[in-house]
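Colleague: fold the following for me, if possible:
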Amino acid sequence: MSTADRQTAWSLPADLADQVRKRWDQGLLLGPPATIAECFPITLRLKRPRPADLNERFNDVRDWVAQLTRGDRAHRGFGYDIEWNTVNHRVHGANRLPAGVSIPTREDALKLIGKTAAAATFDRLYAHIVAEFPQLADWLARRPITALDHADEWPRLLAVLAWFRQHPRPGMYLRELDIEGVDTKFIERRRKRISELLDQVLESRHIEAEAKGARGFDRRYGLRQRPALVRFRTLDPALDIQGINDLSLPADQFATLDLDAATVFITENEINGLAFPPHPSAIVIFGLGYGLDRLAQVDWLAERRIYYWGDIDTHGFAILNRLRHHLPQAESLLMDRATLDAHRPMWTREPKDRRFTGQLDRLTHSERQLFETLRDDVIDERIRLEQERIRFGWLSARLRDL
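Modeller: Just a heads-up that it's a prediction; the model follows:
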């Protein structure tokens, strides 16, 4: 066994540097320079020989002491200081052995791990950022490595923050923001980071707290959002609009149409909507998913017969339940036990971690029975019949019966 192998249980200079490097990775060596300086000296963990090792491995102990000594400040001019202790031994006499190790200053710590230049960059960043936005001092203290990793982006990040500070809740599309040196893509690709910073910089009254995540960025900070569209097809040529039977309109414009349709079908799957058979005095709305709420402002739908066709799974019934909050007269279409049983070979399984397992209070008795059968895995585990797997002839026959 080599000397190095025998000494693996004892701290060597590289082990001490690793401890300092971990502190760097945790951001403990970055922050307000005066505050960080107050944290020194820091004591490092030192794994050292036991007294019995002087008897059994005296030469190994002597080599270990030599290696540790060659790495200290006295020999290198930076790094760690060794606290010594004299141990008397009946055979080897008095021996000075390391009893502890400490780093006296931040500069020593940074030199030991080669981070002096990086720390200087952070110090300059910190001074500049806090001078312009004192509110970011706490964020920089929590996320120093993140701030440093994106050092070259800070001029543009600060320009974005300054623009929003001057124009809170601007009511403009992101594309309309005129910020020198900053394009739309820069903001779009960094929405999470910019959101963290805006939350610190802006007054709470200028932030819509309920809007979260990348998708909620525009609403959270008062940017104009892409209009929520309603796509529909007319199923009766008499309802075509200047010969057009497939349209997508902003929800507020759709609300003004007041189409002379007696029946409105709503289905989730796009292909189902495109292939939906002709039907007298009817239209089909499709592709909304949980966006059914945008139909709440369409007053004329309250006077129409509504059919909802969704997947036969827990979420399909949850969406139906949600639709009835706005349109209580809505009836389900092809979401029954007969349809499920007739398409057994087409069953799939709902994702285990994305099922709806709560209570639904707007279902009919038969709908609730089927929902609970699916939710509670009465027939089989996580049964799902997606609407596009239902035979087209089955749909056509049901429509003839309406």
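
Colleague: where is the longest strand in this protein?
Modeller: For the chain, the strand with the greatest residue count under DSSP state E is strand 93-103.

Colleague: partner strands of it, with direction?
Modeller: Paired neighbours of strand 93-103 in the sheet (DSSP bridges): strand 42-44 (antiparallel), strand 81-89 (antiparallel).

Colleague: show me the one of those that comes nearest residue 144.
Modeller: Of all the strands paired with strand 93-103, the one in closest proximity to residue 144, counting by Cβ to Cβ, is strand 42-44 (16.7 Å). C-beta coordinates here come from the backbone N, C-alpha and C atoms, glycine included.

Colleague: next, the buried residues of the closest one.
Modeller: 42, 44 (16 or more other Cβ atoms under 10 Å).

Colleague: quick check: pLDDT value at residue 296.
Modeller: Residue 296 is assigned 89 on the pLDDT scale.

Colleague: now do residue 51
Modeller: Model confidence at residue 51 (pLDDT) stands at 79.

Colleague: begin at 26, not 1, for the rest of this chat.
Modeller: Sounds good: first residue 26 from here, last item residue 76.

Colleague: correct me, but residue 289 touches residue 306?
Modeller: No: applying Cβ atoms under 8 Å as the test, residue 289 and residue 306 come out as separate, 10.1 Å apart.

Colleague: comparing these two, which shows the higher neighbour count?
Modeller: The residue with more neighbours, out of residue 289 and residue 306, is residue 289; 23 against 16, by other Cβ atoms under 10 Å.

Colleague: and the more buried one, what element?
Modeller: strand 288-292 (DSSP states H and E).

Colleague: burial count for residue 76?
Modeller: 9.

Colleague: once you drop chain neighbours, what's closest to it?
Modeller: Of all residues beyond its chain neighbours, the one nearest residue 76 is residue 112 (7.0 Å), with distances taken as Cβ to Cβ, 6 or more residues apart in numbering.

Colleague: check residue 324 too.
Modeller: Using Cβ to Cβ, 6+ apart, the nearest residue to residue 324 is residue 280, at 6.8 Å.

Colleague: and that neighbour, how far from residue 253?
Modeller: 11 Å (Cβ to Cβ, to the nearest Å).

Colleague: the more surrounded of these two?
Modeller: Comparing residue 280 with residue 253 by other Cβ under 10 Å, the one with more neighbours is residue 280, at 18 against 13.

Colleague: quick check: phi and psi at residue 254.
Modeller: Dihedral pair for residue 254: phi -100, psi 150, per degrees, to the nearest 10.

Colleague: cool, residue 331 as well?
Modeller: Dihedral angles (degrees, to the nearest 10) for residue 331: phi -110, psi 130.
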